[in-house]
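**Student:** here's a sequence, model it:
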Amino acid sequence: MMSFNRRHFLQGAAGALGAIGLSQLGLNCAATRYGQALAQDTRRKVALLVGINEYPNNLSLLGPLTDVELQRQLLIHRFGFNDSDIHILLNQQASRRNIWGAFNEYLYEPARDGDVVILHFSGHGDRVRESDRMLDFLRQLDRRCIVAGECLNTAIATHPDNTPEQDIMGHTLLLMRAALAQKTSNITFLLDCCYAGGGKRGNAIMRSLNTSLADNDNLRQIPDSEWTYQRQLLDTLNWDQQQFVNAIQSPKGQGFFVGSARYNQLAADYQFNGFTAGAFTYLLTQHLWQSSEPLSKTISLVSNSSNHLAEHSQTPIYDPAPEADPTVTNTPIYHMEPVAQPAEALVLGPVPDKSEHDRVRLWLGGLDPWALEAFDQGATFALIDKTTGTELAEVQQVDGTRAGLVSEGRLSGAARAADATTQLLQEKVRGIPGQVTLKVGLDDTLLASEKVIAEGKLANFTNIEVVPVTSGQTAHVLLGRYTPEIHQRLALNPETVPQQQILDSVGIFSPAQVPLLAGSFGIAEEPMDQAMDRLSTRLVSLYIGRMLALMVNQQTSHLDVSLVVDHQGTRSGTTTRGGDPEAIIVPQTVGGLLQVVDGQRLKVTVNNNENQDLHVGVIVIDPAGEVNVLFPPAISDRNEIDIISGRGSWSTNLRGAAPFGTAELLVLVSPQSLVAALKKLRQNRPQFDRSLRAGESLANVEAMDNIFGVMSSRRDGTDAIKGTRLLEADQVAILSMFIEILP
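**Tutor:** Numbering: from 1, shown residues only. Sure thing, here's the model as predicted:
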């Protein structure tokens, strides 16, 4: 057992997080073990999916329609819904009147005991003042407001149709759930919107019609006609005034409700690699393609990822609370297990207007969002049997055909495209690009002259690309100034950023304009050229984090290995697809992160459940973004020292230390030795105690390619295609876990 006592304990998270904007911890992928033929489930399964991109007054979004397609494909191909039982309202169709009508026609009226019912809304949220009718209603109970001192309510913003009702209040949605619950308990309402402030934030749009959580004076009042709908539902439920208020205040709602963020947080309309989607919806649906856990565990896992997407500013919520209803700890989010095997993609059908019988269109909605760049060239999938997971054929992705979540592939052997339609695909090989780039946006908080200086400095780095800061454009990180406006916005949600930045300082932001990396912001009014020299090492570390993120494959690796962290009597764990789902252990904290106080020790264990010996390496990236190799140790030149014997385990002790924030622990496991690759990484990682010259930084960046060399191989011995590094799912497992280091 090795013991490490370093100043920068877990050199983790923020570096890779800043480079990719996302967390790996939550989206673990253990293959569900089915004890029965779930595909024979005869319950009625119905869904209403609502997505609104088009809003007036320059408030349009880009991602809700993608959200609807993400849910539709998931429900059909993973959960066995019939396409005809998935009802969709998009843009102008999604008026308040039409949503209400579709709810009655498709969800409420036909519902029977045992049915599975899902309502998903993606669009803007809203905050409104209570209607006069509701206030009169409350006065009968000698109450001024439901929440003391704040006669406000949240709402979803429907598409306007020239009627007074443009929102559906949260209280109305509660009554809709309660009415449905009289017929079936298998209800899930999901809302991907927010109420804490809309508009553009850096490179993302926030899903709220309100510009600020603090601006309550100018909120619209919900029209009295909303009360008509609520009164109808109250009559259906046979509830009086007090029962309605009790239901609003109760921690136990009917069915399941899931929201993409807390009331005072932002929900991002986020630009992924080639497409825009709701951060919450994509992370949730991608997780459900891979795994199936109870509601409470699912949201904890997705919460972990959503937090890091927006850097601690988006925490999904749900009700009922576990203490009020323990079913959330043992019931899946959709009240049913998947009926198909885990998958990364599916075959949509033959490519139109192509004469080749083996050419197919692929849907890639089950892939890690941060790894999409590894599926542009050289990737290979296994076409599997949905029920057993048996490989039926191989699909080679056609290079350069991916557009967002759609791509093309060629079937191997005698397989025909028509026969492969709707079949599922699992990753076999991913292709790490020969030239990985870190995309840096120059935020609008910089002056035009400062942008010119920054762009000139960044031009010296061939692996860093300057991109426009505009919605629909992918940027991994932003360079900008910490303005009073940003400070005021973040102050409304103090847990968003653990460190305090100096006003008018230059530093690195997440794409959602939240300060990134502990200590990346300098002094007030720092000249831009000096700031760029100071940040050069940070940018190189972010680039390294970007490359490492493309390799993390715990969701898809065929190696049966798991990672466990023991701390103060608690345990966190993750596993590969080949591992036991019970190895996925989530701490019961907000965001699902293990929390380690400065000076506390923890034990890291890697379990090898394979019959073969495996080599192990440990990399950590601290909250400041500094990359460190903790194992194998620097003095090691022997390949044997890092071996985990077959069916054995390997452990080491670590200790929490500054800098504080979120840290990432990366564990690399492979049948091949990792000593040479990790030794090269240790030698070439940037040192944060000094600035780097551009040429020196470039040399360090190019040296990172060596880490792929050991693991880039094919069983047939061929070289990578056109410089692409090919990583096989059965030859390497790279697991990631995030840990919060506290003072």
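**Student:** show me where the stretch 101-250 of the chain has its strands.
**Tutor:** Applying DSSP state E, counting those that start in this stretch to the stretch 101-250 of the chain gives strands spanning 116-122, 125-129, 152-157, 167-169, 186-192, 199-201, 204-206.
**Student:** now render these as JSON lines, adding mean neighbour count and mean pLDDT.
**Tutor:** For the C-beta atoms, the positions are set from N, CA and C on the backbone; glycine is no exception. Putting the strands of the stretch 101-250 of the chain into JSON lines (neighbours: other Cβ atoms under 10 Å; pLDDT from 0 to 100) gives the following:
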{"stretch": "strand 116-122", "mean neighbour count": "27", "mean pLDDT": "98"}
{"stretch": "strand 125-129", "mean neighbour count": "24", "mean pLDDT": "85"}
{"stretch": "strand 152-157", "mean neighbour count": "24", "mean pLDDT": "86"}
{"stretch": "strand 167-169", "mean neighbour count": "24", "mean pLDDT": "89"}
{"stretch": "strand 186-192", "mean neighbour count": "25", "mean pLDDT": "97"}
{"stretch": "strand 199-201", "mean neighbour count": "17", "mean pLDDT": "74"}
{"stretch": "strand 204-206", "mean neighbour count": "27", "mean pLDDT": "84"}
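**Student:** how long is stretch 460-480 end to end?
**Tutor:** 19 Å (Cα to Cα, to the nearest Å).
**Student:** oh, I was asking about stretch 246-257
**Tutor:** Start and end residues of stretch 246-257 are separated by 17 Å (Cα to Cα).
**Student:** what residues sit buried inside it?
**Tutor:** Neighbour-count burial for stretch 246-257 flags 247, 253-257 (criterion: 16 or more other Cβ atoms under 10 Å).
**Student:** and which of those is nearest Asn186?
**Tutor:** Gly255 (7.2 Å; Cβ to Cβ).
**Student:** what residues does that closest one make contact with?
**Tutor:** Gly255 is in contact with 117, 177, 180-181, 185-189, counting by Cβ atoms under 8 Å, 6 or more residues apart in numbering.
**Student:** name the nearest residue to it, ignoring sequence neighbours.
**Tutor:** Distances taken as Cβ to Cβ, 6 or more residues apart in numbering put Ile187 closest to Gly255, at 2.8 Å, once the chain neighbours are dropped.
**Student:** that neighbour and Leu119: what is the separation?
**Tutor:** Separation of Ile187 from Leu119 (Cβ to Cβ, to the nearest Å): 8 Å.
**Student:** now Gly646
**Tutor:** 49 Å.
**Student:** residue with max distance from the center of the protein?
**Tutor:** Ranked by distance from the centre of the chain (Cα atoms, centre = their mean), the top residue is Gln140, with 45.0 Å.
**Student:** from what I see, it and Gln241 are in contact.
**Tutor:** Yes: using Cβ atoms under 8 Å, Gln140 is in contact with Gln241, at 5.7 Å.
**Student:** a markdown table please, covering the strands of the stretch 101-250 of the chain and showing distance to Ala321.
**Tutor:** Below are the strands of the stretch 101-250 of the chain laid out as a markdown table (distance: least, Cβ to Cβ, whole Å):
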| stretch | distance to Ala321 |
| --- | --- |
| strand 116-122 | 20 |
| strand 125-129 | 21 |
| strand 152-157 | 18 |
| strand 167-169 | 22 |
| strand 186-192 | 16 |
| strand 199-201 | 30 |
| strand 204-206 | 26 |
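**Student:** phi, psi for Thr298 please.
**Tutor:** Dihedral angles phi and psi of Thr298 (degrees, to the nearest 10) take the values phi -60, psi -50.
**Student:** report pLDDT for it.
**Tutor:** Note for Thr298: predicted pLDDT of 91.
**Student:** repeat that for the one 4 residues further on.
**Tutor:** The pLDDT attached to Val302 in the predicted structure is 86.
**Student:** cool, the one 3 residues further on as well?
**Tutor:** The per-residue pLDDT reported for Ser305 equals 69.
**Student:** what's the neighbour count on the residue lying closest to Thr388 once chain neighbours are set aside?
**Tutor:** Computed as Cβ to Cβ, 6+ apart, the closest residue to Thr388 that is not its neighbour in sequence is Gln341, at 7.5 Å. Residues lying near Gln341 (other Cβ atoms under 10 Å) number 18.
**Student:** list the contacts of Gln341.
**Tutor:** 31-32, 384-389, 424, 426.
**Student:** same deal with Trp650?
**Tutor:** 605-606, 608, 616, 644.
**Student:** if we go to 7 Å?
**Tutor:** Applying Cβ atoms under 7 Å, 6 or more residues apart in numbering, we find Trp650 in contact with 606, 616, 644.
**Student:** can you pick the most crowded of these?
**Tutor:** Val606 (23 neighbours).
**Student:** tell me the SS of the residue nearest the centre of the chain?
**Tutor:** Nearest to the mean C-alpha position of the chain, by Cα atoms, centre = their mean, lies Leu283 at 3.7 Å. Going by DSSP: H, G, I helix; E, B strand; the rest coil, the secondary structure assigned to Leu283 is helix.
**Student:** how much space between it and Ala324?
**Tutor:** Where Ala324 is concerned, Leu283 sits at a distance of 26 Å (Cβ to Cβ).
**Student:** I'd say the residue nearest to Gly255 and Val117 touch.
**Tutor:** Yes: in this structure, Ile187 is within contact of Val117 by Cβ atoms under 7 Å, at 5.1 Å.
**Student:** mutual contacts of those two, please.
**Tutor:** Contact criterion Cβ under 7 Å, 6+ apart; residues shared by Ile187 and Val117: Leu180.
**Student:** report the lowest-confidence entry in the buried residues of stretch 246-257.
**Tutor:** Ranking the buried residues of stretch 246-257 by pLDDT, Gly253 lands last with 79.
**Student:** tell me the contacts of the spatially closest residue to it that is not a sequence neighbour?
**Tutor:** Leaving aside its sequence neighbours, Gly253 sits nearest to Asp319 (Cβ to Cβ, 6+ apart; 4.6 Å). The contact partners of Asp319, by Cβ under 7 Å, 6+ apart, come to 251, 253, 257.
**Student:** for Leu234, same thing?
**Tutor:** Leu234 neighbours (Cβ under 7 Å, 6+ apart): 175, 244.
**Student:** which intervals of the stretch 101-250 of the chain have sub-threshold pLDDT?
**Tutor:** 146-150, 162-165, 196-198, 211-218 (pLDDT under 70).
**Student:** following element in sequence after the lengthiest helix in the chain, please.
**Tutor:** Scanning the chain for the helix with the most residues, using DSSP state H, yields helix 528-551. Later in the chain than helix 528-551, the nearest helix or strand by DSSP states H and E is strand 561-567.
**Student:** which two in the buried residues of stretch 246-257 are spaced the farthest apart?
**Tutor:** Ala247 and Phe256 (15.4 Å).
**Student:** in the stretch 201-350 of the chain, which spans are helices?
**Tutor:** 225-237, 241-249, 279-290, 295-309 (DSSP state H, counting those that start in this stretch).
**Student:** so which of those comes closest to Asp419?
**Tutor:** helix 279-290 (22.6 Å).
**Student:** if we can go back for a sec, quick one: which of the buried residues of stretch 246-257 is nearest Gln500?
**Tutor:** Phe257 (34.6 Å).
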